[in-house]
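Chemist: requesting a structural model of the entry that follows:
(one chain, ligands or ions: 1)
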Amino acid sequence: MRIAAQTLGCKLNYAETSDHLRRLSDEGHEIVDWTAEADLYIVNTCTVTAVAEKKCRAAIRQAHRRNPEAQIVVMGCFAQTAADEVARIPGVTQVLGNESKRLLSYSTAGGHRTRTFFKIQDGCDYFCTYCAIPYARGRSRSATIEETLCAARRIADSGAREVVLTGINTGTFGQHQGEAFLDLLRGLDQIEGILRYRISSIEPNLLTDDIIDFVAHSRAFLPHFHVPLQAGSDHVLSLMHRRYTTALYADKVHRIKAAMPDACIAADIMAGFNGESEQEFQKTLDFIESVPISYLHVFTYSDRPGTAALRLGEKVPIPVRHEHTHRLLALSKRMHQTFIQSQLGKERPVLWETAEEGWTDNYIRLRAPHDPNRINTISPITLTPDNIIATTHDN
Ligand code: SF4
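Modeler: Predicted coordinates:
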């Protein structure tokens, strides 16, 4: 069969799709581009916002238009939480919730040979009031450290140089079996062949000072952090049932920068959650400006069925949510420019994904003259306005 896939949402979804495609390719199927005509389309969906769900529906309709005879398999969080609705979309032949995906082992890897996503954890016990993911993905769980290190050794054998550790709430790795995430990081750092690790995202309350110190002194963990903030107002954070205050968040960011001055720090931020009055929103803007974050991933709040936020008052009108989103996106752009400016003239190690493009350790995309020999190697490059590829990290 000719098989095409489309992934929406988080890095964990990307890791899972890559894993499915690798298995299907091993079984002899031909993997084709999403825009090609295929016999089977896989859509791995997301439910984080109403916009994410809209994109999922659009992807399914696109596949059906491209080949009305094709099978369409829909999986992931939207498939889990709205199975009936998804099954009614014309062309859909199968809906797989995350229950079916759980048949896969927790430790899977997938993606490009140079950089690979490695799923080390699934599910979440936090139940933030806006989030449907714990309902879609279930409770936090992971393989043991020993099993995870075994899977990582196989990734090293495959030739991948950079591994991105992914999960839904990555920092809770091991908690249910009395193992510590930091011990996993220590073990991974010892694995020969893997030259770089990134932690895709970690909750601020789980980003301990010991983890920050470890990353700063480790062999292979990179100075690149993704630490969800969601709001810069303690009132809104408490309505969200987030497990930290802005003071704790600021402390973590300052600690990272003190230990690794060139570190890139990304923050998720949600615009228009309940209680985000103009005054609270201004607190968020002021807070973000006060800490050395490199850029933002901006999400617009939308009601998710079944979540506690539906019962909260203080709704923000939808046009105001969009206005806040645009202001955050503009701020993020300025912050990223400031971060890039701070790196000009500095020499950073670059892992080349292609003959012309690669990523610095602190997550800046660079270009260089075509040279096939550089693929999957690391070389030091001085950053200039000409070799930096402008990227927008916003959603
Ligand atoms: S930590 Fe909160 S936002 Fe993240 S997956 Fe868990 S419930 Fe959702």
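Chemist: run the chain-centre distance for stretch 309-320.
Modeler: Mean-position distance between stretch 309-320 and its chain equals 26 Å (Cα atoms, centre = their mean, to the nearest Å).
Chemist: next: stretch 229-243.
Modeler: On Cα atoms, centre = their mean, the centre of stretch 229-243 falls 20 Å from that of its chain.
Chemist: buried stuff in it?
Modeler: By 16 or more other Cβ atoms under 10 Å, the buried positions in stretch 229-243 come out as 229-234, 236-237, 239-240, 242. Where C-beta positions appear, they are placed from N, C-alpha and C, glycine not excepted.
Chemist: near the ligand, anything from that stretch?
Modeler: No - using Cβ under 6 Å from any ligand atom, stretch 229-243 stays clear of the ligand, with a minimum separation of 7.4 Å.
Chemist: that older thread, could you dump the buried residues of stretch 229-243 to TSV with secondary structure and pLDDT?
Modeler: As requested, the buried residues of stretch 229-243 are exported to TSV (DSSP: H, G, I helix; E, B strand; the rest coil; pLDDT from 0 to 100):
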residue	secondary structure	pLDDT
Leu229	coil	98
Gln230	strand	98
Ala231	coil	98
Gly232	coil	98
Ser233	coil	97
Asp234	helix	97
Val236	helix	97
Leu237	helix	98
Leu239	helix	96
Met240	coil	97
Arg242	coil	97
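Chemist: please tabulate the residues you listed in CSV and include distance to Asn13 as additional columns.
Modeler: Shown next, in CSV, are the buried residues of stretch 229-243 (distance: Cβ to Cβ, whole Å):
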residue, distance to Asn13
Leu229, 22
Gln230, 20
Ala231, 24
Gly232, 28
Ser233, 30
Asp234, 31
Val236, 27
Leu237, 26
Leu239, 27
Met240, 23
Arg242, 23
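Chemist: max pairwise distance over the residues you listed: which two?
Modeler: Leu229 and Leu239 (14.6 Å; Cβ to Cβ).
Chemist: show me what the closest residue to the ligand within the stretch 251-395 of the chain is bridged to.
Modeler: Across the stretch 251-395 of the chain, the shortest distance to the ligand (Cβ to the nearest ligand atom) belongs to Asp268, at 8.4 Å. Beta-bridge pairing for Asp268 (DSSP bridges): His297.
Chemist: doesn't Ile288 make contact with it?
Modeler: No - using Cβ atoms under 8 Å, Asp268 is not in contact with Ile288; the gap is 11.8 Å.
Chemist: so for those two, which residues contact both of them?
Modeler: Here Asp268 and Ile288 have 229, 296 as joint contacts, going by Cβ atoms under 8 Å, 6 or more residues apart in numbering.
Chemist: out of those two, which sits in the more crowded spot?
Modeler: Ile288 (20 against 16; other Cβ atoms under 10 Å).
Chemist: where does that one sit: helix, strand or coil?
Modeler: Three-state assignment for Ile288 (DSSP: H, G, I helix; E, B strand; the rest coil): helix.
Chemist: number the chain from 43, please
Modeler: Got it, the first residue is 43 from now on, which makes the last one we talked about Ile330.
Chemist: hmm, it is touching Leu373, no?
Modeler: Yes - the pair Ile330 / Leu373 is scored as a contact, 6.3 Å apart, by Cβ under 8 Å.
Chemist: what's the closest of the buried residues of stretch 271-285 to Leu393?
Modeler: Using Cβ to Cβ, Leu271 comes nearest to Leu393 of the buried residues of stretch 271-285, at 27.5 Å.
Chemist: so who does the closest residue to the closest one other than its chain neighbours touch?
Modeler: Once flanking residues are discounted, Leu271 sits nearest to Ala309: 4.1 Å by Cβ to Cβ, 6 or more residues apart in numbering. Contacts for Ala309 (Cβ under 8 Å, 6+ apart) come out as 268-271, 330, 335, 337-339.
Chemist: which stretches of the stretch 293-437 of the chain have low pLDDT?
Modeler: By pLDDT under 70, the low-scoring segments of the stretch 293-437 of the chain are 433-437.
Chemist: would you state the strands of it in chain order?
Modeler: Counting by DSSP state E, counting those that start in this stretch, the stretch 293-437 of the chain has strands at residues 306-313, 337-342, 389-394, 399-402, 407-409, 420-424.
Chemist: got it, and the stretch 43-192 of the chain?
Modeler: So, for the stretch 43-192 of the chain - with DSSP E, counting those that start in this stretch - the strands run 44-49, 72-73, 82-87, 113-118, 134-138, 150-153, 157-161.
Chemist: quick one: buried residues of the first one?
Modeler: Read that as strand 44-49. Within strand 44-49, the residues that qualify as buried are 45-49, counting by 16+ other Cβ under 10 Å.
Chemist: just checking: what are the partner strands of that strand?
Modeler: Note on strand 44-49: by DSSP bridges, its sheet partners are strand 72-73 (parallel), strand 82-87 (parallel).
Chemist: which of these sits most buried?
Modeler: Greatest average neighbour count among these goes to strand 82-87 (a mean of 26), per mean count of other Cβ atoms under 10 Å.
Chemist: residues contacting that strand, please?
Modeler: By Cβ under 8 Å, 6+ apart, the list of residues contacting strand 82-87 from outside reads 43-51, 55, 58-59, 62-63, 71, 76, 94-95, 98, 101-102, 105, 108-109, 112-121, 128.
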